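In: Take this sequence and fold it.
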Amino acid sequence: MRGFSSWHAYWFIRLNRFRKKKEIKKRLVAMSIDKTTAFYLLVVGGYLFASIFIFNDYLAMYQDEFLFIEQQAEMRFWLILMIVPIRYVFQAFRFPGLFISSSEYQLGMLPFSMRRITLYIALEKWVKQFIRYLMIGAIVVLLTPINPILIWLYFFIFWFIEVLMTIPQWKLFQMKWYVKLCVISALLLINIVGTLTGTTILFSVLILIVVLLSNFYWYGKIFTNINWGRVTEVNDYLIWSMPLVARATKTKFKRQRRYNIFLNSATRKKPFSYTESAIYKRLWLQYFRENIELVVKVIGGLLLAIIVLFFVHDLAALIGIAISIHVLTTFIASLYVDRFHTGIVQVLPWNVDSFKRTVNRWVLIGCIPLFIPIFIYSYARFSWHGSLFILLLISLFLFNYIVKMENAAKVLDKKLDSSLKGFLSFLLLGFILLCEINPYFSLVSIGIFSWIYFEKRYFVRKRYGV
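Out: Numbering: from 1, shown residues only. So this is what the prediction gives:
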């Protein structure tokens, strides 16, 4: 198209998209704000502007705390630099890193350069992030006594890593979920080993070199093996989902899930065997697919909290592990109860025990990313006592899991439960903290495993009348 370059085509789409969003937001303002509300908002705005000066005086009272933050930021610089890339690998599960919607993809189908359009999208993203970091940095410099050079150094590093991770995130988004999980596990392992051995500078430089080399390697293959359907589906949803509009109109923006991580799996292509176990496994798979975002948020949040606490204090790390076991088992039990109130399961009769057995496989898969860093920390913290500590963690997890699943079954059966077992399961988590005093408290796992064994044996005898 003579006289109509790739830039003009891209700018045409961006301008019309901006105008359409602006029109929607104008209607939202007209619907939500009248003259009286506007007057009160103006008063509140003036108060907030005046409070900035009061807030500045208030922050002066915390001079020592800011100096402590500055010292920690200087000391942990290479550690933070080593952790930041993990964020983009996590994002690669849900977001390709470049907002290539169906409109931009259609331009690539026309006689326009897809490489140039992608470059314009990347440049727009980098400029926006630079302006955002510039504004945040200016606010932090104005309001806090932290060294401005340190602040600007951090924000420049964050922006630089944002630029470097654009291509790796784009390519990781196209890969299988287990590849991303392996990358995250490797990065977490490097972070833990680097921190424990005091070689964070070496590993930080190594990670940056690997990221740079991956950019050079993937630059020529940036459009090779791309699932454009999934890319445009995710970006269309992210571009047009407007939370304020959804809240005001009480309309939920839903993503059209034509693609998911289980779509091309080999097991989905095999003939389905209509057995009890296969049916229940498929029902759980469907349920987890519908709630994958919630599951990832909970497991990812617990994982991040545990890793952060590892670097705070040993006692804080043990408290984090104990709380994580409690939260994870409670979350699994709540999902188990919710499964019987959603979809086809709520209207047809099912075998509750079979549902409980088939969920164990998914529980094991969900626990793997959470327990890998915990096991590494256990051996690093307790040396040869680490095996005993790991046995204690496994026994406490199983005990809490069994008790909470029993309580969940009683909730479904509408029976009142005496919370003695639940209280005991929570109380036993205290042995994790006692291991800070003496690692031999881990031997209590023998008693817990014995209880689990005899409880299961009693259940089998009661069920089959043996």
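
In: What residues does residue 162 make contact with?
Out: Neighbouring residues of residue 162 by CB atoms under 8 Å, 6 or more residues apart in numbering: 126, 129. Yep, even glycine has a C-beta here, placed from its N, CA and C like the rest.

In: Tell me the spacing between it and residue 146.
Out: Remark: distance between residue 162 and residue 146 (CB to CB, to the nearest Å) = 22 Å.

In: May I ask which helix or strand encompasses residue 213?
Out: For residue 213, the host element (DSSP states H and E) is helix 200-219.

In: let me fix that: residue 355
Out: If you go by DSSP H and E, residue 355 is part of helix 352-382.

In: list the buried ones in that helix?
Out: 355-356, 358-359, 362-363, 366-367, 369-374, 376-378, 381-382 (16 or more other CB atoms under 10 Å).

In: Figure out how far the helix or strand just after that helix is from the centre of its chain.
Out: Note on helix 352-382: by DSSP H and E, the next helix or strand toward the C-terminus is helix 386-412. Its chain's C-alpha centre and that of helix 386-412 lie 24 Å apart, by CA atoms, centre = their mean, to the nearest Å.

In: What's the mean pLDDT across helix 386-412?
Out: In this model, helix 386-412 carries a mean pLDDT of 85.

In: what does stretch 129-137 give?
Out: pLDDT averaged over stretch 129-137 gives 92.

In: Any stretches of the stretch 251-400 of the chain with poor pLDDT?
Out: 251-274, 276, 346-350 (pLDDT under 70).

In: cutoff 80 now
Out: Along the stretch 251-400 of the chain, segments meeting pLDDT under 80 span 251-293, 308, 310-313, 340-358, 379-385.

In: mind checking the SS state of the nearest residue to residue 358 once chain neighbours are set aside?
Out: Spatially, and ignoring its direct neighbours in sequence, residue 358 is nearest to residue 280 (4.1 Å; CB to CB, 6 or more residues apart in numbering). Secondary structure for residue 280, judged by DSSP: H, G, I helix; E, B strand; the rest coil, is helix.

In: just checking, residue 280 touches residue 352?
Out: No: the criterion here is CB atoms under 8 Å, and residue 280 misses it with residue 352 at 10.4 Å.

In: Settle this for me: residue 337 is touching residue 407, isn't it.
Out: No: at 9.4 Å, residue 337 does not count as touching residue 407 under the criterion of CB under 8 Å.

In: Which one of those two is surrounded by more residues?
Out: Remark: of residue 337 and residue 407, residue 407 carries more neighbours, 20 against 14, as counted by other CB atoms under 10 Å.

In: how far away is the more buried one from residue 447?
Out: Computed as CB to CB, the residue 407 to residue 447 distance reads 21 Å.

In: Run the chain-centre distance for the helix or strand containing residue 286.
Out: Using DSSP H and E, residue 286 sits within helix 276-290. From the chain centre to the centre of helix 276-290 is a distance of 23 Å (CA atoms, centre = their mean).

In: That one vs helix 352-382, what angle?
Out: Inter-element angle recorded for helix 276-290 and helix 352-382: 60 degrees (by axes from the mean of the first three to the mean of the last three CA atoms, to 10 degrees).

In: What are the phi and psi values at residue 313?
Out: Here is the backbone geometry of residue 313 (degrees, to the nearest 10): phi -160, psi 150.

In: so how far is residue 436 from it?
Out: Applying CB to CB to residue 313 and residue 436 gives a distance of 10 Å.

In: So which of the two has more stuff around it?
Out: Set residue 313 next to residue 436 and count neighbours by other CB under 10 Å: residue 436 wins out with 16 against 11.

In: The more buried one: what secondary structure?
Out: coil.

In: helix/strand/coil for residue 222?
Out: Following three-state DSSP, the label given to residue 222 is coil.

In: Wait, it touches residue 169, no?
Out: No: in this structure, residue 222 is not within contact of residue 169 by CB under 8 Å, at 11.8 Å.

In: Give me the more crowded residue out of the two.
Out: Counting neighbours by other CB under 10 Å for residue 222 and for residue 169 shows that residue 169 has the greater number, 21 against 15.

In: For that one, which non-adjacent residue is closest in space?
Out: The shortest distance from residue 169 to any non-neighbouring residue, by CB to CB, 6+ apart, is to residue 97 (3.7 Å).

In: and that neighbour, how many neighbours?
Out: Residue 97 has 22 nearby residues by other CB under 10 Å.

In: check contacts around it.
Out: Contact analysis of residue 97 by CB under 8 Å, 6+ apart lists 88, 91, 165-166, 169-170, 173.

In: ok, now residue 395?
Out: Neighbour list for residue 395: 445, 448-449, 452 [criterion: CB under 8 Å, 6+ apart].

In: ok, so what distance separates it from residue 135?
Out: Separation of residue 395 from residue 135 (CB to CB) stands at 51 Å.

In: since we're on residue 147, how many residues are nearby?
Out: There are 15 residues near residue 147, going by other CB under 10 Å.

In: swap in the one 3 residues further on?
Out: The burial metric for residue 150, expressed as a neighbour count using other CB under 10 Å, is 14.

In: Can you tell me the element residue 71 falls in?
Out: Using DSSP H and E, residue 71 sits in helix 63-75.

In: Give me the next element, helix or strand, following that helix.
Out: Moving toward the C-terminus from helix 63-75, the next helix or strand (DSSP H and E) is helix 77-91.

In: Can you name the element that comes right after that next one?
Out: helix 102-109.

In: quick one, the next helix or strand after that following helix and helix 102-109 angle?
Out: Once the chain leaves helix 102-109, the next helix or strand it forms, by DSSP H and E, is helix 114-143. Interaxial angle, helix 114-143 versus helix 102-109 (the same axes, to 10 degrees): 140 degrees.
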